[in-house]
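*Asks:* Sequence first, predicted coordinates after that:
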Amino acid sequence: MTSGALQALIFDVDGTLADTESVHLAAFNQAFAELGMDWVWTRDMYLDLLTISGGKERILHYWNQVNADVVALGTQALQDRINRIHELKTAFYENAVNSGAVALRPGVLALLHEALAAGVQLAIATTTSPVNIAALLRHAMGDDWRLNFSAIGDASTAPIKKPHPQVYLQMLDALKLPAAQCLAFEDSNNGLRAATAAGLATIITPNPFTAQHDFTGALKVVPDLSQVSLAQLRQWHAPAHT
């Protein structure tokens with residue numbers, strides 16, 4: 001890896017910036033009920049489904065499981081159905097976030113502000129939808145939240161989901177920085193694999209939905225960012241890139 005000072009922090013969203021997964025799960029189940037479906041995803045089921053990156057991909061994966069012996073809908077009809085479920089789910093999620101159901105994880109906001117004050121760039125690399133990102137960060141940082149981020153990669157810009165590194169490679173290109181000058185922040189095995197495949201040293205902050213994941217290869221695994229400062233990150237980053 002090329003040596004270099006730390007110039008940018010690249011964050012995953014769901015589970016990393018905020019503990020969102022329980023709210024996503026509730027929103028999925030609300031969408032199923034709204035459409036008269038008999039699907040109910042339990043917490044344990046959702047733990048397994050989280051190995052699939054992307055909400056629509058998760059729905060399709062489950063659809064194929066429960067309808068394995070049923071004649072499938074036509075491809076377009078199935079995609080339309082999945083899109084409708086996901087549209088409703090996203091609306092329920094956005095309403096929940098706007099009502100204060102989700103907050104940033106400990107230490108996140110302070111670290112974001114510290115980085116910005118020091119001239120370190122911020123970016124987002126996620127598989128979630130733009131609407132979900134906007135709902136969360138508008139609520140946490142205000143209407144001008146977008147101005148704090150030099151680049152944002154999401155489900156609309158990076159269709160190949162994690163653990164593929166596409167979204168991280170896009171963010172490095174947008175930042176015009178080598179991986180050696182950046183740090184990634186993730187909460188899951190898929191996220192770690194995506195970031196490391198792009199050459200990024202990665203800080204992991206597990207949550208209750210990902211605590212059992214394999215984080216071999218992470219630069220550091222910490223409970224949250226409440227005890228993590230920019231100086232600490234630079235200290236961890238330096239040996240990895242010298």
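*Replies:* Cool, got the structure. Source: prediction; values computed, not measured.

*Asks:* Report how many residues lie close to residue 227.
*Replies:* Applying other C-beta atoms under 10 Å, we find 10 residues neighbouring residue 227. All C-beta spots, glycine's among them, are computed from the backbone N, C-alpha and C.

*Asks:* Equivalent analysis for residue 213, please.
*Replies:* Counted with other C-beta under 10 Å, residue 213 comes out at 19.

*Asks:* Provide the contact partners of the host helix or strand of residue 91 at residue level.
*Replies:* Per DSSP states H and E, residue 91 falls inside helix 75-98. For helix 75-98, the surrounding residues in contact (C-beta atoms under 8 Å, 6 or more residues apart in numbering) are 20, 23-24, 26-28, 30-32, 34-35, 37, 55-56, 59-60, 63, 72-73, 102, 129, 131-132, 135-136, 139.

*Asks:* are any of those residues buried, and which?
*Replies:* Buried subset of the contacts of helix 75-98 (neighbour count, 16 or more other C-beta atoms under 10 Å): 20, 23-24, 26-28, 30-32, 55-56, 59-60, 63, 102, 129, 131-132, 135-136, 139.

*Asks:* Give me the distance from the helix holding residue 91 to the chain's centre.
*Replies:* Centroid separation for helix 75-98 versus its chain: 18 Å, with C-alpha atoms, centre = their mean, to the nearest Å.

*Asks:* buried set for it?
*Replies:* Across helix 75-98, burial judged by 16+ other C-beta under 10 Å covers 78, 81-82, 85-86, 88-90, 92-94, 96-97.

*Asks:* any chance of those residues in CSV, plus distance to residue 145 and pLDDT?
*Replies:* Shown next, in CSV, are the buried residues of helix 75-98 (distance: C-beta to C-beta, whole Å; pLDDT from 0 to 100):
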residue, distance to residue 145, pLDDT
78, 35, 88
81, 33, 93
82, 29, 94
85, 28, 97
86, 23, 97
88, 25, 98
89, 22, 97
90, 18, 96
92, 21, 97
93, 17, 97
94, 14, 95
96, 18, 96
97, 13, 95
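
*Asks:* quick one, domains of this structure?
*Replies:* Domain segmentation of the chain under automatic domain parsing yields 8-20+103-240, 21-98.

*Asks:* just the ones you listed: most buried one?
*Replies:* domain 8-20+103-240 (a mean of 19; mean count of other C-beta atoms under 10 Å).

*Asks:* The spatially closest residue to residue 156 that is not a sequence neighbour and residue 136: what is the separation?
*Replies:* With sequence-adjacent residues excluded and distances taken as C-beta to C-beta, 6 or more residues apart in numbering, residue 156 is closest to residue 130, at 5.5 Å. When distance is defined by C-beta to C-beta, to the nearest Å, residue 130 is 11 Å away from residue 136.

*Asks:* ok, back up a step: distance to residue 14 for the buried residues of helix 75-98 - can I get that in a markdown table?
*Replies:* Formatted as a markdown table, the buried residues of helix 75-98 follow (distance: C-beta to C-beta, whole Å):
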| residue | distance to residue 14 |
| --- | --- |
| 78 | 25 |
| 81 | 23 |
| 82 | 19 |
| 85 | 18 |
| 86 | 14 |
| 88 | 18 |
| 89 | 13 |
| 90 | 13 |
| 92 | 15 |
| 93 | 10 |
| 94 | 14 |
| 96 | 13 |
| 97 | 11 |
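
*Asks:* the helices in the protein, which residues?
*Replies:* Secondary structure of the chain by DSSP state H: the helices cover 21-34, 43-49, 55-66, 75-98, 108-117, 130-141, 166-175, 189-197, 230-240.
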